[in-house]
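Engineer: Sequence below, structure please.
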Amino acid sequence: MGLKGRDRYRVDLPGLQATCESNYMRLMQLLPKMREALISRRVALSQGERLLGVLALEVTEACPYTTTLQVSQELGLPWLPAPKLEVRVYHDARMAEVVSAGATRRLRAIYPYPNQLMNQPDEKTQLNMFLGEWLSHCLACGHESEPVLQR
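Structural biologist: Alright, predicted model coming up:
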């Protein structure tokens, strides 16, 4: 069963690139020294006295032109699965993109629909947009949970 009678999904490459460039800038605000060392940072999100969760950023690999981060939610809501993303940061291109989410190791640019895992045709774009919204919220409303830790 395909997309008969409908146009096939096409990647909005300029839109995806703009999202990845914005995510790079947000990550550089949160972890400006990510190129220098394997570091981690925790940003708490609260509503009044109630802790809603903690954004955890951890550099897992630092190379001259790329950095790989693990971006996850800690202390979230018990009824909501905690997001966990692997993000590759390309310093020469000044872009950051989600390369895996949860158990999905490699994200495709386009998924056929329907598919066994019920991924949306634009799953990769949606995950990059989600990362941008998540980081923007943390920059606007988050506070330091603990100092930046160097490993």
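Engineer: helix or strand for the residue nearest the centre of the chain, which one?
Structural biologist: A centroid search over the chain (Cα atoms, centre = their mean) returns Leu131, at 3.8 Å, as the residue closest to the centre. Per DSSP states H and E, Leu131 falls inside helix 123-141.
Engineer: what ranges of this structure fall below the confidence cut-off?
Structural biologist: Residue ranges of the chain with pLDDT under 70: 1-7, 11, 76-77, 103-104, 110-111, 113, 115, 117-121, 145-151.
Engineer: dump the residue contacts of Tyr90.
Structural biologist: Under the criterion of Cβ atoms under 8 Å, 6 or more residues apart in numbering, the contact partners of Tyr90 comprise 24, 65-66, 96-97. (Glycine included, C-beta is placed from N, CA and C.)
Engineer: Pull out the buried members of those.
Structural biologist: The neighbour-count criterion (16 or more other Cβ atoms under 10 Å) marks 24, 96-97 among the contacts of Tyr90 as buried.
Engineer: got the residues you listed as TSV, with distance to Lys124 and secondary structure columns?
Structural biologist: TSV is the format used below for the buried ones among the contacts of Tyr90 (distance: Cβ to Cβ, whole Å; DSSP: H, G, I helix; E, B strand; the rest coil):
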residue	distance to Lys124	secondary structure
Tyr24	16	helix
Ala96	13	strand
Glu97	8	strand
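Engineer: what sits opposite Val54 in the beta ladder?
Structural biologist: When assigned by DSSP bridges, Val54 has beta-bridge partners Ala44, Glu74.
Engineer: My read is that it contacts Arg42, right?
Structural biologist: Yes. Contact status for Val54 versus Arg42: in contact at 5.1 Å, counting by Cβ atoms under 8 Å.
Engineer: what number of residues lie near Ala82?
Structural biologist: A count of nearby residues for Ala82, using other Cβ atoms under 10 Å, gives 14.
Engineer: Then Trp134?
Structural biologist: Neighbouring residues of Trp134 were enumerated by other Cβ under 10 Å; the total is 18.
Engineer: Provide a list of residues in contact with it.
Structural biologist: With contacts defined as Cβ under 8 Å, 6+ apart, the neighbours of Trp134 are 55, 71, 83.
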